[in-house]
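Chemist: model this:
(chains A, B and C, ligands or ions: 1)
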Amino acid sequence: MWIYEKKLQYPAKVGRANVQMAKYLITQYGGPDGELAASMRYLTQRYHMPTPQAKGILTDIGTEELAHLEIIATLVYKLMDRASLEEIKAAGLGAYYADHDRGLYYVNGEGVPWTAAYIQSKGDPVADLHEDMAAEEKARATYEWLIDLSDDPDLNDTLRFLREREIVHFQRFGEALQIVHEYLDSKKYF
Amino acid sequence: MDREQLCMLKELMALEFTVLEFHLYLDTHPTDQRALMEYNSFVQQLSVLKRQYQDRYGPLTWQEPSAYPWQWINEPWPWEICYE
Amino acid sequence: MFTPNDQMRLARAYVPFQIFSKRLEPMEGLLKGTIFPELYFPYQRHKK
Ligand SMILES: [Fe+2]
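Modeler: Alright, predicted model coming up:
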């Protein structure tokens, strides 16, 4: 089960309302390399992990990604909340407004809704851990492109935090991969 | 949210983050005794600070006692806080 | 390029294990996104 904590993992600040950045950033909410995809990927892959370390790390990183999802939601909410309808139209979010007003929906930057097709669950722990490491690198790259697009130091501060988390996650998945390999190798000789 | 509460909330975030970092590390290094000792000591510090924060400002999670009326729904919710 | 040692085999990816030695103070760790200095690789903007 899961328990909600009524606090963010990181104090997510934005300097000013900015609908254009909200449109870019929402891909980390409902896009292919976003936090929802990350969380759903790890939490569904954990059932077929062969070692306790791998079960643990997928559970715990899958849970941390939910905390990141909440940070992204907070940023998008703050970027959009006080925006005028004119600003929303100017940023190309008129179509989004027609469907959702300023409500949060799981879409990528182009408005394509989230789909389970963004993730895989191969049932093979080596293949799945490789996917997870690639997912962390893709999320890291996305945060870098978002930082390039943004001139808001407060927003970038939070994006840098989230980017660094992807590096730590990569390291942990890499360690889990070695443990899984050693386990699978040990099973071959007896 | 006043300065004092915000300051305490950030301290809480920092301690909880340290606990999380050791937690993830220990998942793949379960026999690292020094990391485990540090983890246990930070868990202790975090629980003290969490108790203080919740006694002052209300529950952060469920299964916490509540004053009347039901405190859980009190605003601000995390996304409504101005963290500056 | 690095030379593989005798515990490594081809067609396999290797991430070196972290060995915990030092940590940052909680607030500094939070602001950096990790408490482990050896895992801290901040982004330098690309020239584009
Ligand atoms: Fe991640």
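
Chemist: contacts, neighbours, all on C-alpha from now
Modeler: Noted.

Chemist: neighbours of B:E84, just the number please.
Modeler: By the criterion of other Cα atoms under 10 Å in any protein chain shown, B:E84 has 11 neighbours.

Chemist: ok, now A:E137?
Modeler: The burial count assigned to A:E137 is 18, neighbours taken as other Cα under 10 Å.

Chemist: with adjacent residues omitted, what lies nearest to it?
Modeler: A:E166 (7.0 Å; Cα to Cα, 6 or more residues apart in numbering or on different chains).

Chemist: helix/strand/coil for that neighbour?
Modeler: Here A:E166 is recorded as helix under DSSP: H, G, I helix; E, B strand; the rest coil.

Chemist: tally up the residues packed near it, please.
Modeler: A:E166, neighbours per other Cα under 10 Å, totals 23.

Chemist: tell me the phi and psi of the residue sitting nearest the centre point of chain A?
Modeler: By Cα atoms, centre = their mean, chain A has its centre lying nearest to A:E35, at 1.7 Å. Here the main-chain torsion angles of A:E35 (degrees, to the nearest 10) amount to phi -70, psi -30.

Chemist: report the contact partners of it.
Modeler: A:28-29, A:65-66, A:68-69 (Cα atoms under 8 Å, 6 or more residues apart in numbering or on different chains).

Chemist: can you do 6 Å?
Modeler: A:E35 sits next to A:28-29, A:65, A:69 when contact means Cα atoms under 6 Å, 6 or more residues apart in numbering or on different chains.

Chemist: got a list of what A:V107 touches?
Modeler: Contacts of A:V107 by Cα under 6 Å, 6+ apart are A:30-31, A:113-114.

Chemist: which residue is the nearest non-sequential neighbour of the residue of chain C found nearest chain A?
Modeler: Residue nearest to chain A within chain C: C:G33 (4.6 Å; Cα to the nearest Cα). Closest residue in space to C:G33, ignoring its immediate chain neighbours: A:F161 at 4.6 Å, by Cα to Cα, 6+ apart.

Chemist: take the contacts of A:V107 and lay them out in JSON lines including pLDDT.
Modeler: As requested, the contacts of A:V107 are exported to JSON lines (pLDDT from 0 to 100):
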{"residue": "A:G30", "pLDDT": "98"}
{"residue": "A:G31", "pLDDT": "98"}
{"residue": "A:P113", "pLDDT": "98"}
{"residue": "A:W114", "pLDDT": "98"}
